[in-house]
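[1] Need coordinates for the below:
(chains A, B, C and D)
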4 protein chains.
Amino acid sequence: MGKIRIGIFGFGKTGKVVANEFLNDSLFTLAWVVRKGQNDHHKYASRLLGYEFDAGEIFSIEDIDDNFFIERPVDALVDFSDSTGIYLYKKAAEAGIPIISAISKYEQEEMNLIKSYAKLTSVLYSPNITLGINVLMVAAQILQKIAPHADIEIVEEHFKGKKEVSGTAKRIANVLSLNEEEHLNSIRVGGIVGRHEIIFGMPNQTIRLYHESISRAAFGQGAIFAVKYLIGQPPGMYTMETIIAEMFRQNIPVY
Amino acid sequence: MGKIRIGIFGFGKTGKVVANEFLNDSLFTLAWVVRKGQNDHHKYASRLLGYEFDAGEIFSIEDIDDNFFIERPVDALVDFSDSTGIYLYKKAAEAGIPIISAISKYEQEEMNLIKSYAKLTSVLYSPNITLGINVLMVAAQILQKIAPHADIEIVEEHFKGKKEVSGTAKRIANVLSLNEEEHLNSIRVGGIVGRHEIIFGMPNQTIRLYHESISRAAFGQGAIFAVKYLIGQPPGMYTMETIIAEMFRQNIPVY
Amino acid sequence: MGKIRIGIFGFGKTGKVVANEFLNDSLFTLAWVVRKGQNDHHKYASRLLGYEFDAGEIFSIEDIDDNFFIERPVDALVDFSDSTGIYLYKKAAEAGIPIISAISKYEQEEMNLIKSYAKLTSVLYSPNITLGINVLMVAAQILQKIAPHADIEIVEEHFKGKKEVSGTAKRIANVLSLNEEEHLNSIRVGGIVGRHEIIFGMPNQTIRLYHESISRAAFGQGAIFAVKYLIGQPPGMYTMETIIAEMFRQNIPVY
Amino acid sequence: MGKIRIGIFGFGKTGKVVANEFLNDSLFTLAWVVRKGQNDHHKYASRLLGYEFDAGEIFSIEDIDDNFFIERPVDALVDFSDSTGIYLYKKAAEAGIPIISAISKYEQEEMNLIKSYAKLTSVLYSPNITLGINVLMVAAQILQKIAPHADIEIVEEHFKGKKEVSGTAKRIANVLSLNEEEHLNSIRVGGIVGRHEIIFGMPNQTIRLYHESISRAAFGQGAIFAVKYLIGQPPGMYTMETIIAEMFRQNIPVY
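    Residues are numbered from 1 along each chain as shown, chains lettered A, B, ... in the order given. Down below sits the predicted model:
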């Protein structure tokens, strides 16, 4: 079987790391990268990332016309650009190419668009696509049901420069029906890459679930995980969380 | 509906705390306590624990004859004594009284006996009966399946005087097929009540599951949880772990 | 040499635990305990705490007259009552008896009174008298000087029922000149006895100082530590923090 | 005043990161880098690290002759190469150039050589030159003196591929007179950059000191800290630990 062909939207700090993870994994071949502006136009992402071979030709968004996805076919499209990227790949959705988006936040109009794509192809959208965070999110929801009287608090730690509250922490608060103002604590110090903790306090015992990010490459690994899962799935809207929840179900220990 | 009548075997350090939890919970009435020796014979456990009412009359093991469980009927029998306690309540099993045992370790002969009881009534046996530890144990097994390439290490911390390796930690190592010598780390310092940590290390992220014990009352709460579950169940062998695993299954988030 | 004679003001939850620590330590003899009301009047604290000997006769505050401290001499007076206790032992100060107070908060008038005592005898006042918290407080101030560019955050965790922000955490924020609103994070869950964490975040590394309370007996141990230090010291105002700072100075490693 | 001129030995994984930190700091100018082999000979370290200016000309060890340090004068020499690097810069020591070495381990012969340099110039040698680890090391020694009855354990966590026990953790065990076999616990999982924890367990409280590495740039920052301290100091042997201990002494809080 041939390699899985990947097209990536976005070549910023995270996009580069994600491209690098696909370049490093022999299951995949990086077909192309679309980025804003004319920088590095028609160079190869592989070269810019220090590899000695050509892969991931870089295109500008102006290069995308009706034939782009037909002339440069891929098996999955991965979007780490921004919320406007989605307007560019309607043709890919129509061609049935599975789409993975890890954009932080979409407006309503964009959410409507992505849902319309999900009628044509399989679409996975998760603002935080790392395996670990989604494991935490699913486990926390189960724990809350098993120990309904436990008090729950969320602590998130990130580098000093991160202005807003972690979207992931807000999402965790949301799925646990916790008021963000009261139960979400943000620590901003130094260069911490990212740490999320969910504390379940009971009268005589405490359970803590931690996720610590070491590098942004975790996003690339999450995208790889998502691509493998999505290929071959029927059209529809998917999230990492629903996939992980399904994996929980299939892996309950049997005695 | 009347209160749930409880009989307890064992009135040592943990047994007392467990009795106290049942005395504190208005769902239950403590019918009697059986302990070794003649100490406090026919006194009330409630009085010894500082309550102003009579509950939990204390019997010696010599008091147990063929009619004991008929004359002093209970809805569940909870055993926090030692591995020999099981020889005393065959008649309870024959009478169909649900049995909860939290004995640390049984020899083979005793395991055979407990299994024979499980043909007559519902029997739950868990050396560590706390909710939290069993949640950790089930979650860890699922995570290992979801992230098969993660490196796993166990760290357990207890008070300086605890001589042996935590049986709970050994059980965790066992269900995760980890070699105890290599992957189980024991810390013995000061007065730490009990802390278990399971670390899942991946190249770009780390997941940590922590359980911290605050007081032995967690065992009493675990027993209460077990009694509520067990009453009404068909005969058979149960463990906290299988109950928690089943609760995981029933509480997978639905989207 | 005879044992060190101790008098205690206060026999509430913490006072009892403190009395128990002194009863347990063969260096000391508990002479008496003064408590509010007429409860347990002229009983022995030792008996109420389960000992089989008489020590710590219990007096009501009405029993204190001009001769109380002369007729029942002690080598140190330990106050775990409340902010009004201080009005009762002026005569003790005049008699030169060292005084240890661990009251949470004094009003200005009471602070003036305690300072007047400090002209007559050695007086140690620390709202949090545990060794560990004071070690944290001193170490944190030094670190802040050594790494002036580090971002600092404080996290304190306590049981759900604790209403106010930890006074200890506020004191830590104060000595580090950190705005409480911005840099102090309070977690209230379950039955956590008490945990304080000070995080120093630098661009490429993080230092964390943790203090975890296991039981209130730590206050008794702190009082024992303070009594031993204070006996023989000249009149003046002392705090655990200044003692610990001095111990830091004397124990800087020499190479 | 002009910039501080730096020469670096070593341009491996850590050497590159250290060079980068000096290039990024406007107080310094990177004069040259000496590396093994002929790779990148006479290129500029700055260019290889992505800067748009020339700094840090790269020399091979074969280029070092008697005049090297005279013709290319620097204000400090920083060695992140290997244990043999020291044989190459005798002339620098004779010229009174301050030397900072962060080599993991020297044999006795090399230790003798470095000590002979310390008679001619100021020499700082620390296998772990990060600020944080040395702060931990000094604080731990003081705590051990203040709380002599505390049980102490060390836990170090690093990436799966790290074969040997952390040299830093061994050094901590050593200064605390702890048996490595008994009190040092090594965790090897995933991609953890580096974490050291020292636990002080007392009967009623636990103190934990943590150091977490985020990136190797901490070594560069440590070298910058050391250079600033060392310039202007008299000849002699220095370590980061002694400098930090001295800073502890000068920063004991005054009340």
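[2] Tell me which other helices or strands the helix or strand bottoming out on mean pLDDT in chain A touches.
    Ranked by mean pLDDT, DSSP states H and E, the weakest helix or strand in chain A is helix A:45-48, scoring a mean of 92. Packing partners of helix A:45-48 (3 or more CB pairs under 8 Å, 6 or more residues apart in numbering or on different chains; DSSP states H and E): helix A:13-24, strand A:28-35, strand A:57-60. Bear in mind the C-beta positions are built from the backbone N, C-alpha and C, glycine included.
[3] Same list (these) but as JSON lines, adding mean neighbour count.
    Output for the helices and strands packed on helix A:45-48, formatted as JSON lines (neighbours: other CB atoms under 10 Å in any protein chain shown):
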{"stretch": "helix A:13-24", "mean neighbour count": "20"}
{"stretch": "strand A:28-35", "mean neighbour count": "23"}
{"stretch": "strand A:57-60", "mean neighbour count": "18"}
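[4] Enumerate the residues of chain A near chain C.
    Residues of chain A lying close to chain C (CB under 8 Å from any CB of the partner chain) are A:150-153, A:155, A:157, A:159-160, A:185, A:187-192, A:199-206.
[5] can you do 6 Å?
    Within reach of chain C by CB under 6 Å from any CB of the partner chain, chain A has these residues: A:151, A:153, A:160, A:185, A:187, A:189-191, A:199, A:201-204, A:206.
[6] give me the subset of the residues you listed touching chain D.
    A:Gly191.
[7] Just want the phi and psi numbers for the residue in the stretch 51-200 of chain A that chain D sits nearest to.
    Across the stretch 51-200 of chain A, no residue is closer to chain D than A:Gly191, which sits at 4.8 Å (CB to the nearest CB). Note on A:Gly191: its backbone torsions stand at phi -110, psi 20 [degrees, to the nearest 10].
[8] so how far is stretch A:24-38 from its chain's centroid?
    16 Å (CA atoms, centre = their mean, to the nearest Å).
[9] ditto for stretch A:64-78
    The answer for stretch A:64-78 is 20 Å, by CA atoms, centre = their mean.
[10] After the strand or helix carrying A:Ile114, which helix or strand is next?
    Assigned by DSSP states H and E, A:Ile114 belongs to helix A:108-117. Remark: after helix A:108-117, the chain's next helix or strand is strand A:122-125, criterion DSSP H and E.
[11] list the contacts for A:Leu184?
    Each residue near A:Leu184 by CB atoms under 6 Å, 6 or more residues apart in numbering or on different chains is listed here: A:154, A:169, A:173.
[12] again, only using 7 Å
    A:154, A:165, A:169-170, A:173 (CB atoms under 7 Å, 6 or more residues apart in numbering or on different chains).
[13] Just give me the closest of those residues to B:Gly236.
    A:Ile154 (39.1 Å; CB to CB).
[14] what about that closest one, neighbour count?
    24 (other CB atoms under 10 Å in any protein chain shown).
[15] What residues of the longest helix anywhere in chain A count as buried?
    If you go by DSSP state H, chain A has its longest helix at helix A:131-146. Across helix A:131-146, burial judged by 16 or more other CB atoms under 10 Å in any protein chain shown covers A:131-144, A:146.
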